[in-house]
Every structure is written in C-alpha cells, then in structure tokens.
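Asker: no sequence for this one, just the structure:
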C-alpha cells in the first residue's frame, strides 16, 4: 500500500538499500549497519517521508547467523499517518550509531536493547542498563541465555537437610494453614507447613480433623501437653 | 546550573549560596503508585534534574513468551497493564490474527470493542481518581472506584474474573456473551455519566485543583512526537492521534466518536482528556450494543486455531485430535514478522511478533505506551517543585507491569 515511501528511499539510497519487503501491510526496508544513521536521518528529514513520530526500537536474536541481531526501528509520520520499519543486522560486538540526536525517544529504547541484547550504540549519551541491575551478567533476551537462570542480588539462605531452598529459614515463613494462636501460646504446638514437617520431622500444622491429638497420642506428645492438665476437647470445638 | 541562575534572577533577592541536594525518591515511596526510583537533584524545592530508573517490576515478559504456545501468552498480557487487561488481550490477539490473516466474526469484533471500551473506562477512572487523590481530594477516587466496581461486576459475569481475565483467544474470544450482557451494560451507562458529572462539578472548577494542575508538567508537541509519546498524554498536547481513528481496527470505523485533544499538554489537560475519553467510550459502547448481532459465533470455526467445544471433544474423534494438537503443539502461524498496534489505555499498544512456523513464538516484543510516556516525564518535571513530582507522575499513568514488563 505505502510503496511510495519505499520508492523514495530507493531513489535516495540506491545501492545502499539492501532490500525491501511488504508483509501483511508492513513496509520494511533493510540497510547495512553502516548506513543505519544515514537512512534514519533521511526518513526523518526528507520532505516526502517526514517520519517524525518515533514508535519503537527493538532487536531480534538469530544466534545461528554471523550478524546475529536484527535491529528493528518503527517509525510513523504524523503528517501522512504512514509507517515504515527500518531493519539492519549487527554482529556481536559491533556497534551502531545512536539515533538519540534524531529522536529523543530512542534514548531509553537503545538502553533497553543494550540491556537485553548487548548491542552497543555509538554516541549514546547515557548507555547503561535500564531494566536490570548493574550487577547482572549477560543479556537475557539472547537465545543462548537460559530462561531458568537466576541471578539474585541477595543469595538464598543455605538450610541443611532440606530438599527445596526457600528464600527464608525454616521457622520464619508463614505456615501453610492459619496459625492457631491459642495452641501456640500454650506451647502445645509449633506448627509448620506440611512439606517442611515431612522433611524435618516436626509436627505439621493442624487441620480441622486432627486439631487435637487423640488419647493414644497424648503420651508421646511430651510433658508439655500432659502437664497442662486440660481435658481433651472435642475436635469440633478446637478447630477454629 | 542554568536553572539556579534563572531562578535567582527571577526572584531578584539575595539567595544564600547552596549546593544542589541529591535525593532518592523510591523505589518504594508511599506517595508514588508503581515501584520506581527517581534520583532528584534539588535546589531547595525546585528540580534541577531527574533520573528516572524503572525496572523494579521486570519479570521477563518477552523471554517468558518464548517458551509456551501462542495462546499461553494471554495470561502474561493480562499482567502488562493490569488496569485494563482486556485491551492487552485484544491487542495480542489482533497481532497474531494479523500474522495468520484471520478475521474474527462480526459478533466477536463488537464483543471485543465493548469489553475493551469498558476496560478503557476503568483505566481512565483509576488514573484520574488517583490524580485527584494525590492533590488531596480523596472523594473522587472513591466515587470513581465505585464505578469501576460496577464495570468489574459486568466483566466478572462475562469472563469469570474481575482483573486478570485471560479472555482473549486467537481467532475470537473464550466464550460468547452472556444473555444479560447488553442489558447490564445499558443499565450502568447512565450511572457512569452521572458520576462523571458529579466529578466535574466537584473538581474541575476547584481552585486548588486548577492551580496545582494548570501549567504543571507541560509537554510540547514536537517533544512528544520525538519521544514516542502516544495516547492521552500525546492528545493533551493537541495532537489528534488516536489509533482507533487514524488506522481503525476491529469495527471502530463504524462508530461516531470524537478524539478529544488538549491545548497545553499540562496535568490539567491530561486529566480533562481522560474524562472526555470516558464519555466517548460510552458513546462507542452504546453504538456497539445497538449494532451488535444477538446471534452468531464470536470465534472463527477453524480446528487449527480455536479449541472445539468441550462436548465434542469428549464425543468425536476429530474434536479430540484437534483439541490435543492445539493444547500440545499450539497454533502454528506462518513464518514472518508483523507489527500490530491498538489503542491501549495509555496509548499505542504494539505487539511485534516473529514466528518461525512452530507452535512457540520466536520473539514477542510489546511496545508499552507507558515506557515512552515515562521517558517524557523527565522533561515535564524539570523546573517544577518536588510536590509536583507525584501529581505529574500520576498524570502520565505509569503502570509498572506494562512499563517494566
């Protein structure tokens, strides 16, 4: 539909326009990384194009290619309401010119591409990580970054003899069921979640049906329970 | 430092020599909605420079999308702009449908329009209520949240969930409208209009409100375009760019509605643009309910795209196979990449998707409108007082889930 923009670019760039495509109504032109800034300048300043509305800048990773990153710049002209996408390929370690002098919106977009893909932009005023933290290693949107890798700033606590590492110690977390404060205050029960109880041999949290130990369990419940001297209440009364 | 000199000249009085103070605001600040950090350089109470540091809510949306099926992205999109999740659902569905060249049946399109506009009303009301609250007016927030509850009741009846609906599907919606769909919305619309009137009576001519919002956080037109600002923030500067009008999707070209624009691009204009947009959304909903067919499917009938009805899955072998293939392998869009954009609650919500022909997305890039609106916030803040930070920040309506993804 909007072939006109592509034709104008072809006329101006000539051989330097590596290719163009129209897929589902999206016009895409491809240039070499060295022509990235020049092509973007043309798109903004050429009177027949006037792409003055910065829409987005992102990248796609193709790890099997030599120039593995595709930088995609999305532009719109508010005067004509036409859109175009400018694409270039960048190899790892190669840097391209920053578009910040053309559209100030490119600032954060380029920082994000640097953060997520590791593509560097020459002349960017403030190229540092934006979504992730300084200490983060690697660039997570690269295809070779494993999705389940974690880089916590505060290391997980080491707890012995436990299969799964929670971010808190055994006694600190919220029990699985609601705390039964009456029991806890009397020292009759220290409740932990069923999973931890299973692993550590502690007594697990009370549920409705086994809210209180049966008569047979009383002896092994320890001196605490025996010396408190309260008669064992009915299960229905103690549940809540 | 120029700002200091200008300030001293303007005052014309003897100023004590002072060093700029550096103050960290956030990431968890009681007056800011959203977890975000701002490093403020202050001269007294006046801002010399701001460094906005987003990212505290980054959950790896784009990376997570690359390991499921296409339909499994919908729950993630709910959690982008969690104030209007339905608009995100629709935006992503439209992107995949553009790649697959699917056109949803007419009833489904109207259904999407109505649900989406309801979500937009929620979004604008939440933002405006919070904006008023930040200036000390607590009542409007409660009034507007009351309306939001009514709308959420409708959405809950339709989708089963109040907030994270996950109701969009590629090729349609998860379920057809309920029997009382039209009636329940028609009963709420006059009430919403009434609350809007009350809000304007109470707030818009209030002197404190006007003085705190007019002339604060000004954004210029050319800056806005160059910054990539869209949505109500862009329209408040006087640029009439609304995706629903500029490049109509769904059935938006059949409705008669206006695009409200502001004049100065300050906090007051942003507030008023949102109020007016709620009115326009109500108009769209009324027309859509009028035109929406009562019978017919809301999803396309293609066993490679949409799940077959559960009854058939249990009784026929074809549906069983289709169900199995869709759940285990997912939809397989053709190879290619498209950029599809819709008008979200905060502006142009774009999805740039790349398919390699398999059942898993190769790349899903969301263009979050908040991201660029927040970037423009720095220019709005410099030169203003520290007490304007919260209200200006509120008026651009940054939603952490969408901004940080």
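Answerer: Yep, it's here. Please read these numbers as outputs of a predicted model, since none were measured by experiment. Numbering: from 1, shown residues only, chains lettered A, B, ... in the order given.

Asker: ok now do the residue in chain A that chain B sits nearest to, which residues does it touch?
Answerer: Here chain A gets closest to chain B at one residue, residue A:105, 3.5 Å apart by CB to the nearest CB. Quick note: C-beta positions are derived from backbone N, CA and C, even for glycine. Residues counted as contacts of residue A:105 (CB atoms under 8 Å, 6 or more residues apart in numbering or on different chains) are A:54, B:226, B:227, B:228, B:229, B:372, B:375, B:376.

Asker: ranges for the strands of the chain?
Answerer: All of this refers to chain A. Per DSSP state E, chain A has strands spanning A:17-23, A:26-31, A:53-61, A:69-76, A:83-90, A:95-97, A:120-122. These are given in chain order.

Asker: right idea, wrong chain: chain B
Answerer: All strands of chain B, identified by DSSP E, fall at B:21-25, B:37-43, B:46-53, B:168-169, B:172-173, B:336-343, B:348-355, B:363-367.

Asker: May I see those arranged in a markdown table, with distance to chain A and mean pLDDT as well?
Answerer: Formatted as a markdown table, the entries for the strands of chain B read as follows, by distance: least, CB to the nearest CB, whole Å; pLDDT from 0 to 100:
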| stretch | distance to chain A | mean pLDDT |
| --- | --- | --- |
| strand B:21-25 | 15 | 85 |
| strand B:37-43 | 11 | 87 |
| strand B:46-53 | 8 | 88 |
| strand B:168-169 | 19 | 88 |
| strand B:172-173 | 19 | 88 |
| strand B:336-343 | 5 | 91 |
| strand B:348-355 | 6 | 91 |
| strand B:363-367 | 4 | 91 |
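
Asker: Just put those in JSON lines and tack on distance to residue B:150.
Answerer: Formatted as JSON lines, these follow (distance: least, CB to CB, whole Å):
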{"stretch": "strand B:21-25", "distance to residue B:150": "35"}
{"stretch": "strand B:37-43", "distance to residue B:150": "35"}
{"stretch": "strand B:46-53", "distance to residue B:150": "35"}
{"stretch": "strand B:168-169", "distance to residue B:150": "22"}
{"stretch": "strand B:172-173", "distance to residue B:150": "21"}
{"stretch": "strand B:336-343", "distance to residue B:150": "23"}
{"stretch": "strand B:348-355", "distance to residue B:150": "25"}
{"stretch": "strand B:363-367", "distance to residue B:150": "29"}
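
Asker: Mind putting these into TSV with mean neighbour count?
Answerer: Formatted as TSV, these follow (neighbours: other CB atoms under 10 Å in any protein chain shown):
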stretch	mean neighbour count
strand B:21-25	13
strand B:37-43	18
strand B:46-53	18
strand B:168-169	26
strand B:172-173	26
strand B:336-343	23
strand B:348-355	25
strand B:363-367	25
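
Asker: Which one, of these, ends up nearest to residue A:72?
Answerer: For the strands of chain B, the distance to residue A:72 is smallest for strand B:348-355, at 6.9 Å, taking CB to CB.

Asker: Could you give the number of residues near residue B:316?
Answerer: Per other CB atoms under 10 Å in any protein chain shown, the neighbour tally for residue B:316 reads 12.

Asker: Where does pLDDT dip in the chain?
Answerer: Went with chain A since none was named. Counting by pLDDT under 70, the low-confidence segments of chain A come to A:1-3, A:157-240.

Asker: try again with chain B
Answerer: Where chain B drops into low confidence, which here means pLDDT under 70, it does so at B:1-18.

Asker: Go ahead and confirm residue B:337 touches residue B:353.
Answerer: Yes - with contact defined as CB atoms under 8 Å, residue B:337 and residue B:353 form a contacting pair (6.7 Å).

Asker: Give me the common contacts of the two.
Answerer: Both residue B:337 and residue B:353 are in contact with B:99, B:363, where contact means CB under 8 Å, 6+ apart.

Asker: which one is residue A:90 nearest to, not counting chain neighbours?
Answerer: Computed as CB to CB, 6 or more residues apart in numbering or on different chains, the closest residue to residue A:90 that is not its neighbour in sequence is residue A:69, at 4.6 Å.

Asker: Now do the contacts for that neighbour.
Answerer: A:59, A:60, A:61, A:62, A:89, A:90, A:91, A:92, A:117, A:119.
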